[in-house]
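Chemist: Structure here, sequence nowhere to be found:
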């Protein structure tokens, strides 16, 4: 690392390649339980004569062999998928309403969507802890009204985790959907209705297919970070919630098994790069089609 | 051009008192707050007509069209189509289709799917949809473009897709919002005749909205001129051009010279007007039924005026002036003549002779005059 490189440090940080290369390198190393750094070097001069390359695929094989990692991956994908679906179900009507709202209201409504970003993300998750706890606001209201006699356990359940993820990522669904729906030509719906189509069917056959690129963009923006989400499951979810982000954390900080943790990170990256590439290709096609329009 | 002749031969149902109107618009108003976009309009359109609603922007013509389509509900009054009251009928159940100004083609569907869309809503069997779409594609000559998407078509082709899509449902009435507005001039002329041809073949009643008087003149069987939400005059293109009933209509359709004046004599067979703008008297060879006002206007079309060096024999309908501008148009020339009163009049003269040695030229003093039958007296 002391060697002079051709690109400046600033540029490398900007590209984000350096951290990636380091993680990739560690993922091929062997664990060293004692010493610092806690992994074996990849390249080493032996007897000041030979350059020894130790390329260890064992970490990746271990990921496949131990069902913990596969389960964590699958459960993360499930949580992310379910959260994305809920974000879509809640976000689409909201984006649609904002896009169709009077121009005077539109910016105010958009501001309300973005407003939560002005406070710390962590603070907002903590706020949900306060709301969902046994002595939290929701339970107090439920008991005061008399719907339940005992507090409902919500905190540290999957329910709370989903609430937290959907709440946190909803703006990422709404904004791309809004920017898509806002461009729609309303006369297309009039034309559909004029041709004998009832309003809701017109929505299904015109608006919905034309907003597919917005749906995909929003879903990607929710799905990708949700897969690796660590803080929300940790704070709101149950102790048994198995998320890949959490496994990653545990490997790094509790087990100090950096090579395995790095392998998990790289595997996660590969898992996410595929949908991103599909998304990119779709966007390119869209851009091409609209350019010819 | 055969279609034009055919149209001349056809009877004029609006002159037949026993004919039932196909679209009856009965005292329809549309108010947005205090503002009346359409103000108590009553209008009858007959079967097989091409009726043009002509007016400037904000005249209420598009609002009226949208009320017939069902996109806007009238604040007052009723609309009947083929005898049925449309008040409670939603747009998707009306026997009316619309061709939108922007065409509003569905960008994610092919030409074929666009045209089939309306038929699918009716739940027709697949093979019937296929035949009707194919027939329609043949009528608008787009067979080889059936699989294309709208963005792969030219403006003229898109216009034809929009027409096909709105006609394939065989509506009783087709509403067209500025149908030629987005086309260039060459294509417009061609499309105009094609539109008339298709209308005659299918026998659908057309209601066309346009701000372009030329378009209205060539397409329409009758024109309804709109201004400030009201219909100011309804008539054949000929009626509207030759017998405008108000100053607005005379000035809106074609070019016209207006002379303000006061009535000196008002007899059943003629009117004599003293016009300071002309600097002389105007004699109009027909009676004026509504000339109770003190001030009236005489409208004279540029092509109905003559320019001569010699003094005309008649003592009225004439003035001297100086030629200020000449625009050579090939078949005719436009002269702008400043009269001694200061008013500038526009005169169009056909270029009959090829080599006119002593052609009228700039800054020449000439007489402007017209026949007593050429002027029309209009009021405000």
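Modeler: Nice, I can see it. Fair warning: this is a prediction, and the values are worked out from it, not measured in the lab.

Chemist: centroid residue for the chain?
Modeler: You didn't say which chain, so I picked chain A. residue A:225 (1.6 Å; Cα atoms, centre = their mean).

Chemist: wrong one, I was asking about chain B
Modeler: Nearest to chain B centroid, counting by Cα atoms, centre = their mean: residue B:216, 2.8 Å.

Chemist: which residues sit in contact with it?
Modeler: B:52, B:54, B:208, B:210, B:223, B:237 (Cβ atoms under 8 Å, 6 or more residues apart in numbering or on different chains). Every residue, glycine included, has its C-beta placed from N, CA and C.

Chemist: Turn the residues you listed into a markdown table, columns for distance to residue B:361.
Modeler: Listed next are those as a markdown table, based on distance: Cβ to Cβ, whole Å:
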| residue | distance to residue B:361 |
| --- | --- |
| B:52 | 40 |
| B:54 | 38 |
| B:208 | 43 |
| B:210 | 39 |
| B:223 | 38 |
| B:237 | 35 |
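
Chemist: Among these, name the ones in helices.
Modeler: Using DSSP state H, the subset of the contacts of residue B:216 located in helices is residue B:237.

Chemist: what's next to whatever helix or strand residue B:174 lives in, contact-wise?
Modeler: Using DSSP states H and E, residue B:174 sits within strand B:173-177. Strand B:173-177 is contacted by residues B:22-23, B:45, B:62, B:65, B:68-69, B:81, B:95-101, B:166-167, B:199, B:204-209 when judged by Cβ under 8 Å, 6+ apart.

Chemist: I'd like to know how many residues surround residue B:255.
Modeler: Per other Cβ atoms under 10 Å in any protein chain shown, the neighbour tally for residue B:255 reads 12.

Chemist: That one belongs to a helix, doesn't it?
Modeler: No - secondary structure of residue B:255 (DSSP: H, G, I helix; E, B strand; the rest coil): coil, not part of a helix.

Chemist: Can you give me the pLDDT of the spatially closest residue to it that is not a sequence neighbour?
Modeler: Sequence neighbours aside, residue B:302 is the residue nearest to residue B:255 in space, at 5.2 Å (criterion: Cβ to Cβ, 6 or more residues apart in numbering or on different chains). At residue B:302, the model reports a pLDDT of 93.

Chemist: ok, back up a step: need the contacts of residue B:216 in CSV (columns: neighbour count).
Modeler: Shown next, in CSV, are the contacts of residue B:216 (neighbours: other Cβ atoms under 10 Å in any protein chain shown):
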residue, neighbour count
B:52, 28
B:54, 28
B:208, 26
B:210, 23
B:223, 28
B:237, 19
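
Chemist: Export the contacts of residue B:216 to JSON lines and append columns for distance to chain A.
Modeler: Putting the contacts of residue B:216 into JSON lines (distance: Cβ to the nearest Cβ, whole Å) gives the following:
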{"residue": "B:52", "distance to chain A": "20"}
{"residue": "B:54", "distance to chain A": "22"}
{"residue": "B:208", "distance to chain A": "16"}
{"residue": "B:210", "distance to chain A": "18"}
{"residue": "B:223", "distance to chain A": "24"}
{"residue": "B:237", "distance to chain A": "28"}
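
Chemist: May I see the ChimeraX selection of the buried members of the contacts of strand B:173-177?
Modeler: The ChimeraX command for the buried members of the contacts of strand B:173-177 (criterion: 16 or more other Cβ atoms under 10 Å in any protein chain shown) is given here:
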select /B:22,23,45,62,65,68,69,81,96,97,98,99,100,101,166,167,199,204,205,206,207,208,209
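
Chemist: Filter the contacts of strand B:173-177 down to just the ones in strands.
Modeler: B:23, B:45, B:81, B:96-99, B:205-209 (DSSP state E).

Chemist: Span of stretch B:82-102 from start to end?
Modeler: 28 Å (Cα to Cα, to the nearest Å).

Chemist: Which residue is the nearest non-sequential neighbour of residue A:231?
Modeler: Nearest to residue A:231 is residue A:125, by Cβ to Cβ, 6+ apart, at 6.4 Å.

Chemist: quick one: contacts for the residue of the stretch 201-350 of chain B found nearest chain A?
Modeler: Here the residue of the stretch 201-350 of chain B nearest chain A is residue B:207; by Cβ to the nearest Cβ that distance is 13.7 Å. Residue B:207 sits next to B:23, B:45, B:51, B:53, B:65, B:68, B:173-176 when contact means Cβ under 8 Å, 6+ apart.

Chemist: do that again at 7 Å, thanks
Modeler: Applying Cβ atoms under 7 Å, 6 or more residues apart in numbering or on different chains to residue B:207 gives the contacts B:45, B:51, B:53, B:65, B:68, B:173, B:175.

Chemist: same check, this time on residue A:202
Modeler: Residue A:202 touches A:189, A:192-193, counting by Cβ under 7 Å, 6+ apart.

Chemist: now the residues you listed in JSON lines, with distance to residue A:109, pLDDT and secondary structure?
Modeler: Shown next, in JSON lines, are these (distance: Cβ to Cβ, whole Å; pLDDT from 0 to 100; DSSP: H, G, I helix; E, B strand; the rest coil):
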{"residue": "A:189", "distance to residue A:109": "21", "pLDDT": "95", "secondary structure": "helix"}
{"residue": "A:192", "distance to residue A:109": "26", "pLDDT": "96", "secondary structure": "helix"}
{"residue": "A:193", "distance to residue A:109": "26", "pLDDT": "96", "secondary structure": "helix"}
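
Chemist: Name the nearest of these relative to residue A:178.
Modeler: Set against residue A:178, the nearest of the contacts of residue A:202 by Cβ to Cβ is residue A:189 (17.2 Å).

Chemist: nearest spatial neighbour of the closest one, skipping sequence neighbours?
Modeler: residue A:202 (5.1 Å).

Chemist: ok, what's across the strand from the residue of the stretch 201-350 of chain B closest to chain A?
Modeler: residue B:51, residue B:175 (DSSP bridges).

Chemist: For it, give its distance to residue B:95.
Modeler: Distance of residue B:207 to residue B:95, computed by Cβ to Cβ, to the nearest Å: 13 Å.

Chemist: Ok, residue B:30 next?
Modeler: Residue B:30 is 21 Å from residue B:95, by Cβ to Cβ.

Chemist: Please apply the same query to residue A:173.
Modeler: Counting by Cβ to Cβ, the gap from residue A:173 to residue B:95 is 42 Å.

Chemist: Ok, residue B:166 next?
Modeler: 12 Å.

Chemist: before we move on, the earlier item: mind putting the contacts of residue B:207 into a markdown table with distance to residue A:283 and pLDDT?
Modeler: Putting the contacts of residue B:207 into a markdown table (distance: Cβ to Cβ, whole Å; pLDDT from 0 to 100) gives the following:
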| residue | distance to residue A:283 | pLDDT |
| --- | --- | --- |
| B:45 | 49 | 94 |
| B:51 | 47 | 96 |
| B:53 | 44 | 96 |
| B:65 | 39 | 96 |
| B:68 | 42 | 96 |
| B:173 | 43 | 95 |
| B:175 | 38 | 96 |
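
Chemist: re earlier: then the residue nearest to the centre of chain A would be within a helix, right?
Modeler: Yes - counting by three-state DSSP, residue A:225 falls inside a helix.

Chemist: Identify the residue nearest it in space, chain neighbours excluded?
Modeler: residue A:169 (6.9 Å).

Chemist: Same list, the contacts of residue B:216, but as CSV with pLDDT please.
Modeler: As requested, the contacts of residue B:216 are exported to CSV (pLDDT from 0 to 100):
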residue, pLDDT
B:52, 95
B:54, 95
B:208, 95
B:210, 94
B:223, 95
B:237, 94
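
Chemist: If residue B:36 is in a bridge, with which residues?
Modeler: Counting by DSSP bridges, the residues bridging with residue B:36 are residue B:31.

Chemist: For it, the count of nearby residues, please.
Modeler: Using other Cβ under 10 Å, residue B:36 has 18 neighbouring residues.

Chemist: before we move on, what about the one 10 residues further on?
Modeler: Applying other Cβ under 10 Å, we find 19 other residues in the vicinity of residue B:46.
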